[in-house]
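Engineer: Can you look at this prediction? I've put the sequence above it.
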Amino acid sequence: MRFLSLLFFSCSFWGITRAQMSTPIINVKLESSYNIVDKKTIMKAQTNLSLLFTRINQAYNNNSPIVDFTSILIDNYAKEAINEVYWKRAHFKVRDNVINKGIDAFNNQQFFEVNQIPFIIDNPNRDYEEVKIALDSYGKILCFDFLKDKLFFESMTTGTNFTDEDNQWLVWYWMEKFRTAYTKKNLSLIEDFYSDDAIIITSRVRYKKDRQDNERIIKVVDYVKSNKPAYINKLKPIMTNPNRKIAIEFSSIENPNMLNHNISKSRFVTKRHGINSRGDSCTYFGVRVRQKWTTLDNRGDSIYSDTGYLFLLWEFPQRKYNALINQNDERYQPKIHVRTWQPEIGTDFDSIFSITDFQKTLKMEQ
């Protein structure tokens, strides 16, 4: 009788009902290099991740429409990423019943990261993919993302003038939040990301006959510049259409001019210091990625798709990590001052926009 009571208590603690006991509990063991992360934080992270992974596998085994987050310490943004972005597209499960991974600390041990967690995707190929998770010091899950193109994140570590791991993590976090705002069709959040004076540039490549030589075809690139209100109005029809879904994937940009693999993936996140319009010190990050945009109908069939080069110029306030702690405080929110998009086909590598194109406009340090 005592054994049954203990068993019931254990299952209640993990939020597992009797009908779900066929799903094994996923055990998580985290280790910190050089014991940088304190043991209490590790224990909290292990417990919370174990519960999350077990719930994900339960949902997978039961073919549930959503993952149940009851009793899990998790940010709303991470919940949306799991259920609204990933789970709706394909169910997935943790591959192993025992997870042994390292845990890295950032910003004086306020935030933490666990990488390369193996998952299996429910599709005909049963693809294997890895997940990256960000947590705070209480073990709360802040960010959950599949590393579909690990090279995109590796480029952050090889990029010239961008070797600070704290900043790598910060940019990754906000890029994923930015992407999720679009896939969730959260127009108010998208609007909040852009500064009031944001510059929006899109380009179109077309070909025409040379006037002087009719047999010669020349390439013409048209650039269209707009402001924030015009861009938001252009987004409204698809964002407010309940019969349309959006999928966005980010990946690295190949530099065809460089043969070395590591170098060819580098310099796509750059950093500059400057003074913003309020006269405050700030940090600017320029991020260049290859973006694949797909619009789908209610059945999940693609009805539109394009691939191009996206450049975002972010401004982070001096106390940039406060944005993670005080997410509703406008003073600490990063803002996008420039957004450019160029089609992949027809755009030369050297013509892709970068932070150097806007240094004078935003009064950055050279």
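Structural biologist: On my side now, so go ahead. Numbers count the residues shown, from 1 in each chain.
Engineer: Find me the pLDDT at the residue nearest to residue 31 when sequence neighbours are not counted, would you?
Structural biologist: Leaving aside its chain neighbours, residue 31 sits nearest to residue 102 (5.6 Å; criterion: Cβ to Cβ, 6 or more residues apart in numbering). Just so you know, the C-beta spots here come from the backbone N, C-alpha and C atoms, and that holds for glycine as well. Reading off the confidence values, residue 102 has pLDDT 93.
Engineer: residues contacting residue 102?
Structural biologist: Contact analysis of residue 102 by Cβ atoms under 8 Å, 6 or more residues apart in numbering lists 30, 31, 32, 33, 114, 115.
Engineer: ranges for the strands of the stretch 201-350 of the chain?
Structural biologist: For the stretch 201-350 of the chain, the strands defined by DSSP state E, counting those that start in this stretch occupy 217-226, 245-251, 269-275, 281-296, 302-317, 335-343.
Engineer: And the residue nearest to residue 31, how far from residue 54?
Structural biologist: Remark: distance between residue 102 and residue 54 (Cβ to Cβ, to the nearest Å) = 21 Å.
Engineer: Ok, residue 198 next?
Structural biologist: Counting by Cβ to Cβ, the gap from residue 198 to residue 54 is 43 Å.
Engineer: neighbour-wise, which of the two wins?
Structural biologist: More neighbours surround residue 54 than the other of residue 198 and residue 54, with 23 against 20 (other Cβ atoms under 10 Å).
Engineer: can you tell me the helix or strand for that one?
Structural biologist: Using DSSP states H and E, residue 54 falls within helix 39-61.
Engineer: any residues touching the next helix or strand after that helix, and which ones?
Structural biologist: Using DSSP H and E, the helix or strand that follows helix 39-61 in sequence is helix 76-80. With Cβ under 8 Å, 6+ apart as the test, helix 76-80 has contacts from 69, 141, 142, 143, 144, 177, 180, 184.
Engineer: List the beta-bridge partners for the fifth one.
Structural biologist: Yep, that's residue 144 we're talking about. Going by DSSP bridges, residue 144 is paired in beta bridges with residue 133.
Engineer: which residues sit in contact with it?
Structural biologist: Residue 144 touches 78, 81, 82, 86, 131, 132, 133, counting by Cβ under 8 Å, 6+ apart.
Engineer: hang on, the fifth one in a strand?
Structural biologist: Yes: the assignment for residue 131, made by DSSP: H, G, I helix; E, B strand; the rest coil, places it in a strand.
Engineer: Verify the contact between it and residue 141 for me.
Structural biologist: No: using Cβ atoms under 8 Å, residue 131 is not in contact with residue 141; the gap is 11.0 Å.
Engineer: and those two? which has more neighbours close in?
Structural biologist: Per other Cβ under 10 Å, whichever of residue 131 and residue 141 has more neighbours is residue 141, with 25 against 20.
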